[in-house]
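> Give me the fold of what follows.
(chains A and B)
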Amino acid sequence: MPDMQPLISDFVLKLKRRKVEGSHAVARQTAELLRSVVSQHRMGSTNQAAALADAIHAVGEHLIAANPIELAVGNTVRRVLHIIKEEDISFTAVGIEGLSVTAVSDDECDSGNDDRPTLSAAVLASHARNALRAPSLQTLLDDIPVSTALSHSSSSAGDSDGKSKYTGDKSLKTRKLKHDVIAAIGDLIEEIDTCYDQISEQAVEHIHQNEVILTLGRSRTVKEFLYAAKEKKRSFRVFVAEGAPRYQGHALAKELVEKGIQTTVITDSAVFAMISRVNMVIVGVHAIMANGGVIAPVGMNMVALAAQRHAVPFVVVAGSHKLCPLYPHNPEVLLNELKSPSDLLDFGEFSNCMNFSTQDGTPLLNVANPTFDYVPPKLVSLFITDTGGHSPSYMYRLISEYYSADDLVVRRKSTS
Amino acid sequence: MQFDDVHRVEKAKKRAIVNQSEARNRVELFRHLPQYVHGTQLPDLESKFFQLEPIHPSVYKVGLQYLSGEVSGGNGRCIAMLLAFREAIKDYSTPPNKTLSRDLTAKVSSYVSFFIECRPLSISMGNAIRFLKNRIAKLPITLSESEAKASLQSDIDRFINEKIVVADQVIVSHAITKVRDDDVLLTYGSSSVVEMILEHAHELGRKFRVIVVDSRPKLEGQGLLRRLVAKGINCTYTHINAVSYIMHEVTRVFLGASSILSNGTVYSRVGTASVAMVAHAFGIPVLVCCEAYKFHERVQLDSICANELGDPDVISKIPGRADLGDLKNWADNENLQLLNLTYDATPSDYVSMIITDYGMVRYS
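Prediction:
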């Protein structure tokens, strides 16, 4: 796809330079780019789904490498791969069930193909559905590569009377698969866009009258959530912790006040002091990991611990594009970004301290300015996503619905 | 004083020397604490400098230092106050037909109410004032005025020496045993005792490094950082939100305190509770260093019943970040309040040990 290259490189550059920020924008742009990749892709005659998936793997690998911390990129790539698998399976299952009538009458011709495994259509279809789920004992014991079995069965069925009709179906199938995948990606984009509305609808269930809510920093999901509750005439007050060093809490406070919500801005150090008078903590996060833990703006772990101490529910609101199938290993280091010390210390004021060093050359003054914090699943009370409210132990189920297990590592398969 | 009772506030205003105007947009939860508009008192007081006969000039000077924030920290404020009283006592002369003890006590009370108007008393100051009034009351009647004054001055010197200076040295000698080689020590804000401990340990040649955690709006940690780096101690600087990130490397946490209350709660700079909580969650020992004269028999469960409200304007202004002007004119909007707490109460179960001049006390 030579004409896609400039678009892909452009997006990779934007990711590398952090020009596009925020999970929502990133997920949306990634999905749109992958949709264009799919529509530009030339479908071969055999194994279309695998080839298409391979193309997505190749593009996805570059995108993820551009900004590994921005997990929404990987999430969207894996969603698209899952969509391709799903569309292929459901299409072939329909095709197989349709062909099973003709296959029965051609058993005499097929007897010559004993070396190939001949499977009944129903078994094939059930195999295909199992492939979408996480590996279970049943699928592990029947270790037949499903895609090859499917292609063999479709080619063996093509040796019969319905051959001419089938080749006609094949080109129809090519176009239909691509069309289905593009339509499904369009649905995904719409899902990403409407996640705020679907989450905000649930606001009334959680916020009653005279509530005191605490939040840290600024999250658009939380903002929409609180707006929706205010629309429904619930009375509540909000404490916003400013969220150093970006101080986005100030912006959120200004936005909330414009809608007439009673807001108090506090410093991050006062969170423990104020949380005893708070009914609920509602926060937005950067990503939700497979174990139910969250990657959140720095300072969130402190808030979660304080909430646990005072038995205040810690509610995380996030769209499903933030759901990541990876397990967080050493997230403080591997899923974190350290930013410039100038946010904390003024270079001019501390320039005389920066020059000091010990005999072995190590500088005397270090500054740590991490962007993200990891909150373990036991500190989170509830996740509110566009599919409803879930507990942290349920997140693995959502992941198995949205992603397939083979796509955890996005890498271009070696071309044979 | 009950600041949410309107009549009492009116009465106090009439007696007041400093003209305070109550702030707009007060947080409901803190109506029981005074909140005045900052920035207006200092010029007002300065203009009255030559008119205030009853207030001794050194007392006046210390009051201005409190208002401007030049003198801060429990020990610093207490010492400044006691030295001001010492000067005032030196220049004091009993008016005719009055006993020294009663008149001097009344004078001290008037100075104290002046200090309160400048900035609410810290617990260390409260204890020192009680000590002084006690000494004045216990003066034998047979003493002449000059003898009484000399005795009081030496009492003040002794208090400062015994309870603060020597106490700090004892605490440092105790705490030094807790600093081993290859330790990574975390401290929050700027505590005079903790600074002494770190400097002494460095002089003794222990190899350790320090993590200074700081927070808005006071950013006291920057001063401590500068002094430690000047001494050649290896330091890391971070802000309070990153405390979970940095706590992996830490071996010990040293904290200072404004006071230790009767139920074991540590009353200290706001943010101390969060640091102690995260350290406790990571299983890291928290050592609080506090002189014995700061202890108080009061009990407190949370940080709301008794606290000090600082200037809310400093929250809206972020030094060095002129682009963040979202909260300009915050006072115009009645839905928006800014809260600047000064102290918070750390529950006793987060603290592993208190180091005082009477020894080291483990919490059970």
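> tell me which element B:S173 is part of?
helix B:167-176 (DSSP states H and E).
> Now do that helix: which elements does it pack against?
Under the contact criterion of 3 or more C-beta pairs under 8 Å, 6 or more residues apart in numbering or on different chains; DSSP states H and E, helix B:167-176 touches helix B:192-203, strand B:286-289, strand B:353-356. (Each C-beta comes from the backbone N, C-alpha and C, glycine too.)
> of all those, which lies closest to A:R411?
Ranking the helices and strands packed on helix B:167-176 by proximity to A:R411 (C-beta to C-beta) places strand B:286-289 first, at 46.1 Å.
> helices and strands around the next helix or strand after that closest one, which ones?
Using DSSP H and E, the helix or strand that follows strand B:286-289 in sequence is helix B:313-316. For helix B:313-316, the packing partners by 3+ C-beta pairs under 8 Å, 6+ apart come out as strand B:336-339.
> Quick one: name whatever helix or strand follows the helix holding B:S173.
strand B:183-188.
> picking up where we left off before, now the helices and strands packed on helix B:167-176 as CSV including mean pLDDT and mean neighbour count?
CSV is the format used below for the helices and strands packed on helix B:167-176 (pLDDT from 0 to 100; neighbours: other C-beta atoms under 10 Å in any protein chain shown):
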stretch, mean pLDDT, mean neighbour count
helix B:192-203, 95, 20
strand B:286-289, 96, 25
strand B:353-356, 94, 22
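> ok, back up a step: can you name the residues in contact with the helix holding B:S173?
By C-beta atoms under 8 Å, 6 or more residues apart in numbering or on different chains, the surrounding residues in contact with helix B:167-176 are B:75, B:192-193, B:196-197, B:200-201, B:204, B:254, B:287, B:289, B:291-293, B:355-357, B:359-360.
> Looking at the helices and strands packed on helix B:167-176, which is nearest to chain A?
Each of the helices and strands packed on helix B:167-176 has some distance to chain A by C-beta to the nearest C-beta; the shortest is helix B:192-203, at 11.8 Å.
> Kindly export the next helix or strand after the closest one (C-alpha atoms) in CSV.
Going down the chain from helix B:192-203, the next helix or strand is strand B:208-214, by DSSP H and E. C-alpha atoms of strand B:208-214 as CSV (Å, rounded to 0.1, in the frame of the first residue of the first chain):
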residue,chain,number,x,y,z
PHE,B,208,23.1,8.2,52.5
ARG,B,209,21.0,10.1,50.1
VAL,B,210,18.0,12.3,50.7
ILE,B,211,14.7,12.6,48.9
VAL,B,212,13.0,15.9,49.6
VAL,B,213,9.2,15.9,48.9
ASP,B,214,7.6,19.3,48.5
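> so what strands line up beside strand B:208-214?
Here strand B:208-214 is paired, per DSSP bridges, with strand B:183-188 (parallel), strand B:234-239 (parallel).
> how close does the residue in the stretch 251-364 of chain B that chain A sits nearest to get to B:A345?
Using C-beta to the nearest C-beta, the single residue of the stretch 251-364 of chain B nearest to chain A is B:G271, 2.9 Å away. Per C-beta to C-beta, to the nearest Å, B:G271 is found 12 Å from B:A345.
> Repeat that for B:G74.
15 Å.
> try B:A148
40 Å.
> Low-confidence bits of the stretch 301-416 of chain A, can you list those?
For the stretch 301-416 of chain A, the stretches flagged by pLDDT under 70 are A:352-362, A:414-416.
> State the next helix or strand along the chain beyond the helix or strand of chain B with the lowest mean pLDDT.
Least confident element among the helices and strands of chain B, by mean pLDDT, DSSP states H and E: helix B:41-47 (a mean of 68). Counting by DSSP H and E, the element after helix B:41-47 in chain order, helix or strand, is helix B:57-68.
> Go ahead and confirm A:E332 touches A:P370.
Yes - taking contacts as C-beta atoms under 8 Å, A:E332 lies within contact range of A:P370: 7.5 Å.
> so what's the closest residue in space to A:D180 that isn't next to it in sequence up against?
Excluding the flanking residues, the one nearest A:D180 by C-beta to C-beta, 6 or more residues apart in numbering or on different chains is A:E87, at 4.4 Å. By C-beta under 8 Å, 6+ apart, the contact set of A:E87 is A:A49, A:L177, A:D180, A:V181, A:A184.
> ok so, going back, take the helices and strands packed on helix B:167-176 and lay them out in JSON lines including distance to A:H57.
Listed next are those as JSON lines, based on distance: least, C-beta to C-beta, whole Å:
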{"stretch": "helix B:192-203", "distance to A:H57": "54"}
{"stretch": "strand B:286-289", "distance to A:H57": "50"}
{"stretch": "strand B:353-356", "distance to A:H57": "56"}
